[in-house]
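Colleague: below is the sequence, then the predicted model.
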Amino acid sequence: MIIEAQGIHKSFGKMEVLKGVDFSAEKGEIVAVTGASGAGKTTLLEILGTLSSPDSGSLSIDGTDVMRMGSGELTAFRGKRIGFVFQFHHLLPEFSSEENVMIPALIAGRSTRDARAMAQGLLEKVGLSGRLSHKPSQLSGGEQQRVAIARALVNSPAVLFADEPTGNLDSVTKEEIHNLFFDLRRDLGQTIIIVTHDPSLASLCDRSLTMKDGRFIG
């Protein structure tokens, strides 16, 4: 298993948000996590992506027990082995598409030459080879999301986590991004975990899990 989580509990004050969640995903699997707002989807995604710590439970990613890592070690692991795509693109406005994609690779210690080559290859893969020098303000919403996806993949992560990745896009662009995720799985063997309210996207995934009141149901 690429991800294996067991007995994940998380509370904020007196509110128990996750109530003993178990989750696993195999390499190359695309899994949707659905449910109403407040069900615990994003909290679970943040814990699986090591952005937040559970109150109790265990979590292994790509064979590594991340619960045993110190903060510095965990930050380095996250930067190299986990990719994130969010509803809002969070691209740096002063940098080009190519530079935005390069930044995580440079932070991870790659040379400028290698980072640029990776960025160019990924931008071509997501259909933006003609937009390398464009800044975010010069791109459509769908193009910005494609840059964000390329950026998330530049360090060849074990897992790509996507939180409402098409929530702000029109129906045609949504379908293009949906198809892109499956192209990435086909071409890269990428494991992708998607939190979504979009039933059409969930129905395309290998599995769709529904959360309610901090647990998976059904």
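Modeller: Thanks, I have it. Numbering: from 1, shown residues only.

Colleague: quick one: least confident helix or strand in the protein?
Modeller: Between all helices and strands in the chain, the lowest mean by mean pLDDT, DSSP states H and E belongs to helix 171-188, at a mean of 85.

Colleague: list of residues touching that helix?
Modeller: With C-beta atoms under 8 Å, 6 or more residues apart in numbering as the test, helix 171-188 has contacts from 28, 30, 125-127, 140-142, 145-146, 149, 153, 156, 160, 162, 165-166, 169, 190-192, 194, 198, 200-201, 204. All C-beta spots, glycine's among them, are computed from the backbone N, C-alpha and C.

Colleague: bridging residues for the spatially most central residue of the chain?
Modeller: Centroid check for the chain by C-alpha atoms, centre = their mean gives Phe161 as the closest residue, at 2.0 Å. Beta-bridge partners for Phe161, by DSSP bridges, are Phe84, Ile193.

Colleague: return the residues in contact with it.
Modeller: Applying C-beta under 8 Å, 6+ apart, we find Phe161 in contact with 45, 48-49, 82-85, 192-195.

Colleague: where does the prediction get shaky in this structure?
Modeller: Screening the chain residue by residue with the criterion pLDDT under 70, one finds the ranges 218.

Colleague: where do the helices sit along the protein?
Modeller: 41-48, 71-81, 97-107, 112-125, 141-153, 171-188, 199-204 (DSSP state H).

Colleague: report the angle between the third one and helix 71-81.
Modeller: Computed by axes from the mean of the first three to the mean of the last three C-alpha atoms, to 10 degrees, the angle separating helix 97-107 from helix 71-81 equals 140 degrees.
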